[in-house]
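Turn this into a model:
(one chain, ligands or ions: 2)
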Amino acid sequence: MTCMIKLDKVSKKYGTGVFALSEINFSVDKGEFVFLVGPTGSGKTTIFRLLIRDLLPSTGSITVADFDIVKLPHGKIPTLRKKIGFVFQDLKLLLDQTIFENIALSLEIAKVPKADIKKRVEEALEKVGIINHKDKFPIQLSGGELQRAAIARALVLSPDIVLADEPTGNLDLETSWEIVKLLESINEKGTTIIMATHNTEIVKNLSKRVIGLDKGRLVRDEPPSRKASGVK
Ligand SMILES: Nc1ncnc2c1ncn2[C@@H]1O[C@H](COP(=O)(O)OP(=O)(O)OP(=O)(O)O)[C@@H](O)[C@H]1O
Ligand SMILES: [Mg+2]
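Numbers count the residues shown, from 1 in each chain. Ligands and ions are numbered 1, 2, ... in the order given. All right, here's what the predicted structure looks like:
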């Protein structure tokens, strides 16, 4: 198995003095699907921010897709971020841009040739099932549709890893299942996925690895259980 993500004794203390993570160790192989669970404030988003090198750990080492995060030169951060699709907890869609434009922006930042942009945005929107909404503004979409738009933006650069931070946060159970099914289908094509969630119903019903945090400590790391079918 190829290791995609590795955290070794990672601790993070914020400038305010808050210890968000203490001595976290885990690794994730290429192609895995992992649920990251834990109460609010337990450190899930902090782990994601470390993985995309938005933050540096206070101590410990982190490897993501062969990049040593702590030693990564600033100039290499864009190369790292092309390998990771991040679905933000608060989506971060630009309200004055259409769905198409929001997703095209990621490609423009990554300096994808103009001629390829339209096709790639449309492919990503097809994949998440909202191509018919491409010319609408975020305010004109439902919560589930917005979440799909955020996932399309995370996918558009064909990343090796997708980190989805609470992608079912404000959705009803049925829409939540649709979003999780979508992430599963992306995972089946080989993308490594970590999904942070509070949704115990979904975690219980799917046979996936579960990593649990509590007050910044790793308190649970269970392999996919055999009892769940993974089908719903
Ligand atoms: N930028 C920051 N500065 C200072 N403290 C922070 C910052 N971001 C998060 N924290 C603190 O670090 C701890 C972990 O926060 P984090 O956002 O990682 O939790 P979380 O598990 O994602 O929570 P939630 O489920 O509510 O999204 C919390 O105590 C939080 O208040
Ligand atoms: Mg969070």
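
Report all helices and strands that the helix or strand encompassing Ile194 contacts.
Counting by DSSP states H and E, the element that carries Ile194 is strand 192-196. Other elements packing on strand 192-196 under the criterion 3 or more Cβ pairs under 8 Å, 6 or more residues apart in numbering; DSSP states H and E are strand 3-13, strand 19-29, strand 33-37, helix 44-51, strand 161-165, helix 173-188. (C-beta placed from N, C-alpha, C; glycine too.)

do that strand and ligand 2 meet?
No - judged by Cβ under 5 Å from the ion, strand 192-196 stays clear of ligand 2, getting no closer than 6.2 Å.

can you check stretch 32-47 too?
Yes - residues of stretch 32-47 contacting ligand 2 under Cβ under 5 Å from the ion: Lys44, Thr45.

which residues touch that stretch?
The contact list for stretch 32-47, computed with Cβ atoms under 8 Å, 6 or more residues apart in numbering, reads 4, 7, 12, 20-21, 24, 28, 55, 89, 165-166, 183-184, 187, 192-198, 200, 202-203, 206, 208-216, 219-220.

How about this protein: which residue is closest to ligand 2?
Among the residues of the chain, Thr45 lies nearest to ligand 2; the distance is 3.2 Å by Cβ to the ion.

That residue: how many residues sit nearby?
Here the number of neighbours of Thr45 (other Cβ atoms under 10 Å) works out to 21.

quick one: pLDDT of it?
Thr45 is assigned 97 on the pLDDT scale.

I'd like to know how far it sits from Val219.
17 Å (Cβ to Cβ, to the nearest Å).

could you redo the helices and strands packed on strand 192-196 as JSON lines and give each row distance to Lys134?
Formatted as JSON lines, the helices and strands packed on strand 192-196 follow (distance: least, Cβ to Cβ, whole Å):
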{"stretch": "strand 3-13", "distance to Lys134": "31"}
{"stretch": "strand 19-29", "distance to Lys134": "33"}
{"stretch": "strand 33-37", "distance to Lys134": "28"}
{"stretch": "helix 44-51", "distance to Lys134": "27"}
{"stretch": "strand 161-165", "distance to Lys134": "21"}
{"stretch": "helix 173-188", "distance to Lys134": "17"}
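
Which residues lie in contact with the residue nearest to the spatial centre of the chain in this structure?
With distances taken as Cα atoms, centre = their mean, Leu163 lies nearest the centre of the chain, 1.4 Å away. By Cβ under 8 Å, 6+ apart, the contact list for Leu163 reads Phe48, Leu51, Ile52, Ile84, Gly85, Phe86, Val87, Ala154, Ile193, Ile194, Ala196.

circling back to that earlier point, following the chain onward from the strand holding Ile194, which element is next?
Next along the chain after strand 192-196, taking DSSP H and E as the criterion, comes helix 200-205.
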